[in-house]
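Trainee: Using only what follows, build the 3D model:
(2 chains)
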There are 2 protein chains.
Amino acid sequence: MIIHKLAVIGVGLIGGSLARALKAAGQVGEIIGCGRGRENLEKAVELGVIDSYTHDIGAAVEGADMVFLAVPLGAMRDTLMAMKGHLAEHAVITDGGSVKGSVIADCEAVFGEVLPGFVPGHPIAGTEKNGVEASFAELYQNRRVILTPVRETDENAIERVQAMWRSCGAEINRMAPDDHDRVLAATSHLPHMLAFALVDMLSRVDYEEDIFKYAAGGFRDFTRIASSNPIMWRDICVANKDAVATLVESYADEMTQLAIAIRENDIDTLTKMFTNAKKHRDAFIDGI
Amino acid sequence: MIIHKLAVIGVGLIGGSLARALKAAGQVGEIIGCGRGRENLEKAVELGVIDSYTHDIGAAVEGADMVFLAVPLGAMRDTLMAMKGHLAEHAVITDGGSVKGSVIADCEAVFGEVLPGFVPGHPIAGTEKNGVEASFAELYQNRRVILTPVRETDENAIERVQAMWRSCGAEINRMAPDDHDRVLAATSHLPHMLAFALVDMLSRVDYEEDIFKYAAGGFRDFTRIASSNPIMWRDICVANKDAVATLVESYADEMTQLAIAIRENDIDTLTKMFTNAKKHRDAFIDGI
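Mentor: Numbering: from 1, shown residues only, chains lettered A, B, ... in the order given. This is a model prediction of the structure:
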C-alpha cells in the first residue's frame, strides 16, 4: 500500500477522482476529505470517495503521510498557511494546480522555503464539470501527470508521488516549473480564454438567440470549455499572468492580420494559414 | 417518390450523405454524380451512393428534376455556368453552400436573374472529414436545413426542396440570405477562423513539440475544426467577407481588452467575462 493516510484538501472532480482511483487500486488505507461545503463532503462520504471529513485543514493533515491539494489556485496560499504546524514529519505534499510557479511561490511565502516534502504537480486531465459527483476512478488512466520539483525537493518524496499517480494509471513527466507554465498557457489556458471570450462576445450581439439556435456540433465542441468554472479560470489567469497575457496579445495580433487578409481578399495568406493549421492539427491527432 | 432523377454535383461528405439518405428513404429513382476526381466517383458507385457518374456538368443535369450543388463556394459560379442551357424546364436546383449571398450573386451573374427554380439552402451539418467515404445516410437526422429563398423563388420549388430534406430527417427553417450569412459567420465561420489561427500560431513557437505532447481533451475538442478543408474555408472567408471580417475585428478587440485585464490583475472584468460566458454556454447546452 503506497499511502497509509491521505488527506484530500478540496474534494471535487480532481481530488475526488484521485481518491476513487487510489481506493480502486487498493493503494490507500484511509482518506480524510477537507473542504468548506458540508453538502459536497457528505456526498463524498456517501459515495465512498472519502472515509470521513473535516472543515479544518490543520486537523485534516494531522498524521497524514500524503496530502493532496486540489483547491483553486487563489486559495492555495491560505490552505498552505492553515497546514503550517500540523504536518507530520515525513508528510509528502503534492497538488493539482494548473500553474506551478505560483504554487511554488505560495509555498515559499508561507514556509520561508519550498518544503523538501512538497512535490508540485499537475495532472493533465479534467472535464468542464465540477464537484465530487463528477469524479470517477478512471479520470487519470493513460493521462499525463507533470511534476515540477525544484532543487530543494526530496527525491524520496518525488518517488512516492510518482508511485501514487502510476497506481492511478497515469504517465509521469518532469518539467521545470517555468516550462510547464509556458506550455500549459498555450495548450490549456489560452484555449479557455478564447472560448470564454467568444461566447461572451456573442452573448452581446442582437441576434444572439439565432446564434445559439443555429449552432451545430462544431460550435458545441469549440465552446465546451466555456462551461468551465469561471473562478478557477480567473485564478489561473492571475497565477500565470505573464505567459497567458503574452499569448493573448500574440493572438490579438494574429486576429488583426487575419482580418486584414480577409478584407483584402488575400487568398495566399488565408490558404497558407489554414493549410498549415490543418497539417499541424492532423499530425497532432495522428500522434495520439 | 419525391425525386425522379437527382444530379449531385460534388460527391463528398455533403452530397454523398444526401444521396445516401434519399436512397435509404426510398425517395429517389436515379442518382447521377458529377465531379472532377474519377477515383472518388468510382468509389461512390462502388459504395452504392450514386448509380452512375460523369465529369460533364451539363450532361449530369440533363433530364434531372432535382440538382444538388455541393461544390466549394469558389467553384459555384463556374458550375452554374456549365449547367446553363442543359437544365430541364421544371428542374429544381438547390445547394449546400455555407454562404448564401455569394451563391445568389453567382446565380444572378450567370443567368441574369435568380432562377425561380433555384432554392438557396444550407444544411447545418458536417464533420471535419471529406470525401464520399466520410458520407453517411444519418448525417442530416435531426439537423437544421436553412433555406434562403428570395422574392423570385418559386413556392413549388421551395416545397420540393423542403420535402427532400424532411425525408432525410432534417428540420427546415427559412431565413433571409443576409441574416443567414451573419448568423453563420458567428456560429461557424468565426470559430473555424479562431481554431485555424490558434494552431497556426502555436505551430510557430519554439516549444511546439511540447505543446502537442501535453495537449489534453480540451485542446483536442477546441482545435478539431482546424482539421477542416483549408480551401473550402478560404472560399467561405472570401464569400462572406464582410460578416466574417467584422467579427474577426471585434474578436481582436475582445482579445486586446482581455490581455489588458490579465496584465492589470483586473479580477472584476475577468470574473464578469468568464461568468457571463459560462451562463450563456450552459443555457445553450440546456436548450438542445
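
Trainee: Count the neighbours of the closest residue to A:T271 other than its chain neighbours for me.
Mentor: Leaving aside its sequence neighbours, A:T271 sits nearest to B:R234 (Cβ to Cβ, 6 or more residues apart in numbering or on different chains; 5.2 Å). Every C-beta, even on glycine, is put in place using the N, C-alpha and C of the backbone. Residues lying near B:R234 (other Cβ atoms under 10 Å in any protein chain shown) number 25.

Trainee: low pLDDT regions in the stretch 151-288 of chain A?
Mentor: A:286-288 (pLDDT under 70).

Trainee: can you give me the strands for it?
Mentor: Assigned by DSSP state E, counting those that start in this stretch, the stretch 151-288 of chain A shows strands spanning A:171-174.

Trainee: May I have the residues that are in contact with the residue nearest to A:T271?
Mentor: A:I267, A:L270, A:T271, A:F274, B:G74 (Cβ atoms under 8 Å, 6 or more residues apart in numbering or on different chains).

Trainee: Quick check: phi and psi at the last one.
Mentor: Backbone torsions for B:G74, taken as degrees, to the nearest 10, come to phi -70, psi -20.

Trainee: Chain A versus that one, what's the distance?
Mentor: Counting by Cβ to the nearest Cβ, to the nearest Å, the separation of B:G74 from chain A is 9 Å.

Trainee: Hmm, B:C237 and that residue touching each other?
Mentor: No. Taking contacts as Cβ atoms under 8 Å, B:G74 lies outside contact range of B:C237: 10.3 Å.

Trainee: who's more crowded, these two?
Mentor: Neighbour count, other Cβ under 10 Å: between B:G74 and B:C237, B:C237 has more, with 27 against 16.

Trainee: list the contacts for the closest residue to that one other than its chain neighbours?
Mentor: When the adjacent residues along the chain are set aside, B:C237 lies closest to A:I262, with 5.1 Å between them (Cβ to Cβ, 6+ apart). Contacts were defined as Cβ under 8 Å, 6+ apart; by that measure A:I262 touches A:L270, B:C237, B:V238, B:K241, B:V244, B:A245, B:V248.

Trainee: Show me the two of the residues you listed that sit farthest apart.
Mentor: Maximum pairwise distance in the contacts of A:I262, criterion Cβ to Cβ, is 13.4 Å, between B:V238 and B:V248.

Trainee: quick one, which of the two is more surrounded?
Mentor: Remark: of B:V238 and B:V248, B:V248 carries more neighbours, 26 against 18, as counted by other Cβ under 10 Å.

Trainee: For the more buried one, give me its contacts.
Mentor: Contact analysis of B:V248 by Cβ under 8 Å, 6+ apart lists A:M255, A:L258, A:A259, A:I262, B:L190, B:M193.

Trainee: And the closest residue to the fifth one other than its chain neighbours, how far from B:A186?
Mentor: If I follow you right, that is B:L190. Closest residue in space to B:L190, ignoring its immediate chain neighbours: B:L247 at 4.7 Å, by Cβ to Cβ, 6+ apart. Look at B:L247 and B:A186: by Cβ to Cβ, to the nearest Å, they are 6 Å apart.

Trainee: cool, A:G37 as well?
Mentor: Relative to B:A186, A:G37 is positioned 37 Å away (Cβ to Cβ).

Trainee: Report the contact partners of the residue nearest the centre of chain A.
Mentor: Centroid-nearest residue in chain A, with Cα atoms, centre = their mean: A:S98, separated by 3.8 Å. With contact taken as Cβ under 8 Å, 6+ apart, A:S98 is in contact with A:L73, A:H122, A:L184, A:S188, A:H189, A:I236, A:A239, A:N240.

Trainee: Quick check: chain neighbours aside, which residue is closest to the fifth one?
Mentor: Spatial nearest neighbour of A:H189, excluding adjacent residues (Cβ to Cβ, 6+ apart): A:V244 at 4.9 Å.

Trainee: related to what we said a few turns ago, any of the contacts of A:S98 buried? List them.
Mentor: By neighbour count, with 16 or more other Cβ atoms under 10 Å in any protein chain shown, the contacts of A:S98 hold A:L73, A:H122, A:L184, A:S188, A:H189, A:I236, A:A239, A:N240 as buried.

Trainee: can I get the residues you listed in JSON lines with distance to A:E208?
Mentor: Formatted as JSON lines, the buried ones among the contacts of A:S98 follow (distance: Cβ to Cβ, whole Å):
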{"residue": "A:L73", "distance to A:E208": "32"}
{"residue": "A:H122", "distance to A:E208": "36"}
{"residue": "A:L184", "distance to A:E208": "32"}
{"residue": "A:S188", "distance to A:E208": "27"}
{"residue": "A:H189", "distance to A:E208": "26"}
{"residue": "A:I236", "distance to A:E208": "27"}
{"residue": "A:A239", "distance to A:E208": "32"}
{"residue": "A:N240", "distance to A:E208": "31"}
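
Trainee: buried ones in the longest helix along chain A?
Mentor: Of all the segments of type helix in chain A, defined by DSSP state H, the longest one is helix A:241-263. Going by neighbour count (16+ other Cβ under 10 Å), the buried part of helix A:241-263 is A:241, A:243-252, A:254-259, A:261-262.

Trainee: residues in contact with the residue nearest to A:E208 when sequence neighbours are not counted?
Mentor: Leaving aside its chain neighbours, A:E208 sits nearest to A:L202 (6.3 Å; criterion: Cβ to Cβ, 6+ apart). Applying Cβ under 8 Å, 6+ apart to A:L202 gives the contacts A:E208, A:I211, B:A186, B:H280.
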